[in-house]
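1. Curious how this folds, go ahead:
(chains A and B)
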Amino acid sequence: MFRFLKKKPPRKPKKRRVVVKKLKKLKAAPRKPRKLKITRKPRAFPKKGDGVKAIFEPRGVVIIGASGAKAGTAPALFRSAVENMSRTYKGKTHVIDLSGKMEGAFRDVKKVRGKAELAVLALPPSLALKNIKKVVDAGVRAIIVCPSYEQEERGELSTARGNVRVLGPNSAMGVINTHTGMCTSLERGMMPKRGGIAIVSQSNSVGAAVLDLANNRGIGVSKFVSLGDRIDVDEAELVNYLSKDKDTRVICIGIGDIRDGREFVDSLRAATEKKPVVILRAGIAQLEDKVYDAAFKQARAIRVQDIEEMLDVADALAKQPPMMGDKIAIISNARGPAVLALDAIHREGLALAKLAEKTAKVVSQRCPGTDVSNPIELGVEAKAKQYELVLKNVLADPNVDGAVVINMLKSRFLDAEDMRAIAEVLKKSKKPVVDVAMGGEGYVLVRDVLKDTNVPTYDSPERALRALKALRKYGRVKGKIEAPVVSKAAKKH
Amino acid sequence: MAAKKKVLEFISSIAGQKRRELLEFESKKLISLWGIPTTRAELARDVGGAVKLAREIKYPVVLKVASPDIIHKSDARGVKVGLSYELEVKHAFEEIMANVRAYKPNANVLGVTVQEYLPPAREVVVGTMQDKSFGPTVMFGLGGVWVEIMKDVSFRLAPLTRDDAFEMIEEVKGYSVLTGVRGKPPADTEALADILQKVGQLAVEVPEIAEMDLNPVFVFDKGKGAVAVDARIILREG
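-> Here you go, the predicted structure:
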C-alpha cells in the first residue's frame, strides 16, 4: 500500500525510514484522509501499466463537469457522479463546475493543481475535448473520460493527454473501488457491497447490468472498471493490476474485441497463476471466435456464456477453494433435486464420489435413516444437526473432492435458520462446497442466511454444478502449476 | 539455429521469383528442412524424368501435377496413386497432362512431382495462420468430412506446449476416430503432437509463412508415425 513511496524522488535513506514508520502508525489509527501534495511530474514516456494504480487508488479525485451545459444528459450525469462520491468515498473529492453554479465547487481547473491524482471528465464531448489540456496541466496522473467520441476526435484526445493515462473515452460507468468507496460512475446507487470479485467491462451497459445483478444477489465486489473505447489504458494492463490487487480474488472480464491478443493472453496467463479469471466474450458466431476460445484456454481462463453464469461462477471462485479432483458428494434432504444434480454432474463431465466404507458406516450408525449411497439422502425431517454430522464425515472422506448440499425448505421440515449451523461446518471445510435451495422463495430465504458466509448459494442444481465445474477447472490449473501432469491422451496410451 | 537458416534461405530463393504461393514439392522441401516428416517429392519435367525419379524413389509411387495455377490437384484429375512399374508411370504421366489440359487449358504446367506412395491411414489436417490479433495460430482437424462438412476443428496459439498439442487433438468431436474404435488400434497421437508442435514453432520463428496447410497428414497406428502427404505454403506479402 505504500508502494508509491518508492516512486517519489529519492530522499536520504535515513529520512525515508522515519516516514515509513509514521505511515505505519497512521494505518493503525482510524482512517484519516492524508493531505498530499503531488510534486512528482509524470515520467516522459509512461510505460505500460504506469499510472493504472492512480485510476483505482488515487490520492485525491477531481470531478469536472458543467452543471449548466445544454448538451443532453451530461449535467445530470455530472451531478450523479458528485453525489456518488460524496456519499461513499473516504478520500478527498474536489469538484469543478465549469458553469460555476454548483455549491462548493470550483470554477477553474487550476484550483486543484497538485491536489488530485485522478480526474473524471463528466463533461459533454466538446467541452471535455476543450478542457482536457488544462486537466493534464493540473498535474493529474490519470483521467477517466466519460463522453464518447468518433474516431478522429479520439485521435485529438490521444494527443492532448500527453503523458497522462486515460481510461475511456466512453467510460461512463467509470471506476468503483468498494474498499475506499470511490465510485466515478455516472449511474446512481451502483456501489456494491465489498467482496472479492473484480469486474472489467468493455460495455457500460453490460457492466451496469453485472453490478446490478451482483447487488441484487448480495454478491461482493472489490473493483469495477468500465473500459470504454480505450485510446490508452487497455484490458491487459487492467488484468495485470487486478492480478496483484490484494482485495481481488477473482477477475471477471466482459469483452468483445481485444486490442492486442498476445499481450492480453500473457497478462491472463500471469494472472491465472495467482487467481482465477472468468471471461465473457460476445461474438461466438464469428470464425475467429475459435481462436479467442483457444487463447482463453491456453491462458487458463474460464469462459462463460452469460452474465448469470459469470456471477455464479465468480461467486464460487471467490468464496471456495479450487476442487482438486472430479468426485462429488450430493447431500440432500429431498430425492428429486438430488437426481437432477446427478444429471448436472454428468453434463459437466464430473463424477459421483463413492464414499469410503468407514464414512458410510459412521454416518449410518450415527444418523439412522440416512441413505449413504451417494446421493446421500437425509430424509424429510432432517435438521441442522443431521446435516452437520453428515457433512463433517463426508467432507473428511478422502474419496470426496467436493460437495453439493441441497436443502429444500418447502415440503420439508428444514428452516432457513438451520442453515446457520450448516454454514458453520462449511466454513471449516478445505474442500469446495456449494449450496442449492431449489426454487424461488425458498432460495431467497436460504440465501439471505448464507449471503455473508463463504457458501455460494444457487436456486438450481444445474447452476450449482456449473459453479463446481469452474472450481474444478481452476483446481486443474492449480494442480498443473504445482505439479505438471501428463495430458489425458498421453496417459491413455 | 541451422534449420531456421536453411528455411529462410529456401524462402528467399523463392521470394525472388515474386510469387507468394509455394508448389507442393517446394512446401514439402521447406517443412522437411524443419524436421516435419513428409513424403519425398521431386519435380519431373517430362516422362523420362518421371521414370528415372520413380526408380530412384522406389515403386510404388504417386504422380501429381505440378502447376502454380492448379490448387486442387484432384479436381483437375491430376493425381495418380499406387503406380508400381514403368509403363504405369508413363501412362499416368500422359493421362495427367491430358486431364489438366482439359481442366485448365491455359495453366502453366511445370510437369509432375513423383512421390513415394504410402499405404492408407487415418487422415488429419494441420494448418497454421497468422491471426491479426493473436499472431501465429495452429489449426487441427480430422480429414475429409470432419473438416469440410462438420467444421470440426480446434485452434491453439503457437508455440504449443505438449499439453496444448494433446488438448487440441482431444478437443475435436471426432477424436474417437484416433483412439481406435471397433477393434482398430489407436493412432500415433504422439507423432501427431510432434507435428503440431513443430508446425507451431515454424509459424512462430518464420513469420514469413503467412499460411500453411498440411492436408492430409497420414497418422499411422501407434508407434508407426505420422507423415504430411500434401503441403501448401503461402508466404507473407512483401
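2. Spatially, and excluding backbone neighbours, which residue is closest to residue 235.
-> Since no chain was named, I'll use chain A. In space, and not counting its chain neighbours, residue A:235 is closest to residue A:264: 5.8 Å by CB to CB, 6 or more residues apart in numbering or on different chains. (Each C-beta comes from the backbone N, C-alpha and C, glycine too.)
3. ah, I was thinking of chain B
-> residue B:20 (4.7 Å).
4. Could I have the CA atoms of the helix or strand bottoming out on mean pLDDT in chain B written out in CSV?
-> Every helix and strand in chain B was compared by mean pLDDT, DSSP states H and E; the lowest is helix B:145-148, with a mean of 74. Extracted in CSV, the C-alpha atoms of helix B:145-148 (Å, rounded to 0.1, in the frame of the first residue of the first chain):
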residue,chain,number,x,y,z
VAL,B,145,-16.0,-34.7,-44.0
TRP,B,146,-14.9,-33.8,-40.5
VAL,B,147,-13.2,-30.7,-41.6
GLU,B,148,-15.1,-29.9,-44.8
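5. Just list the residues touching the residue nearest to residue B:235, thanks.
-> Counting by CB atoms under 8 Å, 6 or more residues apart in numbering or on different chains, residue B:20 touches B:210, B:234, B:235, B:236, B:237.
6. how many neighbours does the residue of the stretch 151-300 of chain A found nearest chain B have?
-> As assessed by CB to the nearest CB, chain B sits closest to residue A:261 within the stretch 151-300 of chain A, at 3.5 Å. Neighbour count for residue A:261, taken as other CB atoms under 10 Å in any protein chain shown: 21.
7. and the residue nearest to residue B:235, how far is that from chain A?
-> Taking CB to the nearest CB, to the nearest Å as the measure, residue B:20 and chain A are separated by 22 Å.
8. Need the per-residue pLDDT for that residue.
-> Note on residue B:20: pLDDT of 89.
9. From residue B:14, how far off is it?
-> 9 Å (CB to CB, to the nearest Å).
10. so residue A:446 touches residue A:416, yeah?
-> Yes. With contact defined as CB atoms under 8 Å, residue A:446 counts as touching residue A:416 (5.4 Å).
11. so what sits against both of these two?
-> With CB under 8 Å, 6+ apart as the test, residue A:446 and residue A:416 both reach residue A:409.
12. Could you check which of these two has the larger neighbour count?
-> Legend: neighbour count by other CB under 10 Å for residue A:446 and residue A:416, higher for residue A:446 (28 against 17).
13. element containing that one, please.
-> helix A:441-450 (DSSP states H and E).
14. May I see the buried residues of that helix?
-> Neighbour-count burial for helix A:441-450, counted by 16 or more other CB atoms under 10 Å in any protein chain shown, picks out A:442, A:443, A:445, A:446, A:447, A:449, A:450.
15. Could I get the buried residue list for stretch A:305-323?
-> Neighbour counts over stretch A:305-323 (16+ other CB under 10 Å) mark A:307, A:309-323 as buried.
16. Tell me how the chain divides into domains.
-> Chain wasn't specified; assuming chain A. A:52-251, A:320-482 (automatic domain parsing).
17. oops, I was thinking of chain B
-> Following automatic domain parsing, one gets these domains for chain B: B:40-117, B:122-235.
18. and residue A:146, what does it touch?
-> Counting by CB under 8 Å, 6+ apart, residue A:146 touches A:77, A:81, A:120-123, A:128, A:168-172, A:174, A:186.
19. can you give me phi and psi for it?
-> The phi/psi pair for residue A:146 (degrees, to the nearest 10) reads phi -80, psi -50.
20. On the pLDDT front, check it for me.
-> For residue A:146, the pLDDT comes out at 92.
21. For it, give its distance to chain B.
-> Residue A:146 sits 27 Å away from chain B, going by CB to the nearest CB.
22. circling back to that earlier point, can you say which of the contacts of residue B:20 are buried?
-> For the contacts of residue B:20, a burial check counting by 16+ other CB under 10 Å picks out B:210, B:234, B:235.
23. Which secondary structure state is assigned to the second one?
-> Using DSSP: H, G, I helix; E, B strand; the rest coil as the criterion, the local structure at residue B:234 reads strand.
24. that older thread, looking at the domains of chain A, which is nearest to residue B:9?
-> Distance to residue B:9, taken as CB to CB, is lowest for domain A:52-251 among the domains of chain A, at 36.4 Å.
25. residue boundaries of the strands in chain B?
-> According to DSSP state E, chain B carries its strands in the segments B:21-22, B:41-44, B:61-66, B:79-83, B:111-116, B:122-131, B:135-142, B:153-157, B:209-219, B:226-228, B:231-235.
26. Can you check which of those strands gets nearest to residue A:50?
-> With CB to CB as the measure, strand B:135-142 is the member of these nearest residue A:50 (25.0 Å).
27. Flag the shaky bits of chain A, pLDDT-wise.
-> Scanning chain A with the threshold set as pLDDT under 70 gives A:1-46, A:71, A:482-493.
28. Not counting the longest strand seen in it itself, show me its contacts.
-> The residue-count maximum for a strand in chain A (DSSP E) belongs to strand A:194-201. By CB under 8 Å, 6+ apart, the residues outside strand A:194-201 that reach it are A:173, A:178-179, A:207, A:210-211, A:214, A:219-227, A:235, A:238-239, A:242, A:245, A:247-255, A:311, A:314-315, A:318-319.
29. hmm, 6 Å instead?
-> By CB atoms under 6 Å, 6 or more residues apart in numbering or on different chains, the surrounding residues in contact with strand A:194-201 are A:178, A:207, A:210, A:220-226, A:238, A:242, A:248-254, A:314, A:318.
30. Distance check, residue B:61 against chain A.
-> 33 Å.
31. Please work out which residue of the stretch 1-150 of chain A is closest to chain B.
-> Nearest residue of the stretch 1-150 of chain A to chain B, counting by CB to the nearest CB: residue A:48, 17.2 Å away.
32. Could you report the neighbour count for the residue nearest to that residue when sequence neighbours are not counted?
-> Using CB to CB, 6+ apart and skipping residues adjacent in sequence, the residue nearest residue A:48 is residue A:237, 5.9 Å away. Using other CB under 10 Å, residue A:237 has 22 neighbouring residues.
33. near chain A, which residues of chain B show up?
-> B:131, B:133-135, B:137, B:155-157, B:163, B:166, B:170, B:186, B:189 (CB under 6 Å from any CB of the partner chain).
34. Closest one to residue A:350 out of those residues, please.
-> Nearest to residue A:350 out of the residues of chain B next to chain A is residue B:170 (CB to CB; 17.3 Å).
35. how close does the closest one get to residue B:142?
-> In this view, residue B:170 and residue B:142 are 12 Å apart by CB to CB.
36. of those two, who's got more company?
-> residue B:142 (23 against 16).
37. what about stretch A:184-199, distance to the chain center?
-> Centre-to-centre, stretch A:184-199 and its host chain are 10 Å apart (CA atoms, centre = their mean, to the nearest Å).
38. next one: stretch B:71-82
-> Stretch B:71-82 sits 14 Å away from the centroid of its parent chain (CA atoms, centre = their mean).
39. Return the alpha-carbon coordinates of it using CSV.
-> C-alpha atoms of stretch B:71-82 as CSV (Å, rounded to 0.1, in the frame of the first residue of the first chain):
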residue,chain,number,x,y,z
ILE,B,71,-4.6,-25.6,-56.4
HIS,B,72,-6.9,-28.6,-56.2
LYS,B,73,-5.0,-31.3,-58.0
SER,B,74,-7.6,-34.0,-57.5
ASP,B,75,-10.3,-31.8,-59.0
ALA,B,76,-8.2,-31.5,-62.1
ARG,B,77,-7.8,-35.3,-62.1
GLY,B,78,-4.1,-34.6,-61.8
VAL,B,79,-3.2,-37.3,-59.2
LYS,B,80,-2.4,-40.9,-59.8
VAL,B,81,-1.5,-43.2,-56.9
GLY,B,82,-0.1,-46.6,-56.4
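40. buried sites along it?
-> Buried residues in stretch B:71-82, counted by 16+ other CB under 10 Å: B:73, B:76, B:78, B:79, B:80.
41. Looking at these, which is nearest chain A?
-> residue B:73 (25.8 Å).
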